[in-house]
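Trainee: Here is the input, now give the coordinates:
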Amino acid sequence: MCQDASNLQNLPHRFDLILQATVFTSILSSEVKIQIANQMLSALDGSGLIVWYDFLMDNPANADVRGIKRQEIEQLFPNCEIHLNRVTLAPPIGRPVARVSHKLYGLASAMKPLCSHYLGIVRKK
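Mentor: Numbers count the residues shown, from 1 in each chain. Purely as a prediction, here's the structure:
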């Protein structure tokens with residue numbers, strides 16, 4: 001099925017697992033973000049999970065994307081348990097570091113302030 005994520009129609013069933021990977025940072029309209037979050041929650045089975053992977057920092061080289069912080073995620077998914085971990089060494093740091101040493105990349109990735117993405121779980125309370 002190919003549909004507009006802000007207005008899902010005729011879903012055959014509810015889902016146990018929904019993956020959101022770099023979707024919300026590509027949407028600049030707050031209203032559309034709210035609509036998609038609501039659609040995701042509506043499509044989720046009562047005990048289901050949303051797996052979240054998206055970046056939290058703006059990309060100064062790309063005005064068509066905007067980082068999404070924890071507070072905004074909490075506003076989009078009220079009455080949900082949200083568990084987020086910072087992952088993925090920021091690409092402008094990671095690319096040159098990886099050229100020098102994969103071991104150094106691993107060490108730098110362990111420094112959470114240098115990580116640019118959240119990986120997490122959203123679950124209805």
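Trainee: all helices for the chain, in order.
Mentor: Shown for the chain, the helices assigned by DSSP state H span residues 30-43, 70-76, 91-100, 102-109.
Trainee: Let me see the confidence value for the nearest residue to Val32 once chain neighbours are set aside.
Mentor: Sequence neighbours aside, Ser6 is the residue nearest to Val32 in space, at 5.4 Å (criterion: Cβ to Cβ, 6 or more residues apart in numbering). C-beta here means a position set from N, CA and C on the backbone, and glycine is covered the same way. Listed pLDDT for Ser6 reads 91.
Trainee: okay but Ser6 is in contact with Gln39, surely?
Mentor: Yes. Between Ser6 and Gln39 there is a contact under Cβ atoms under 8 Å: 6.3 Å.
Trainee: Those two - which one has more neighbours?
Mentor: More crowded of Ser6 and Gln39, by other Cβ atoms under 10 Å: Gln39, with 19 against 16.
Trainee: Name the nearest residue to Arg70, ignoring sequence neighbours.
Mentor: Per Cβ to Cβ, 6+ apart, closest to Arg70 is Leu84, 6.1 Å.
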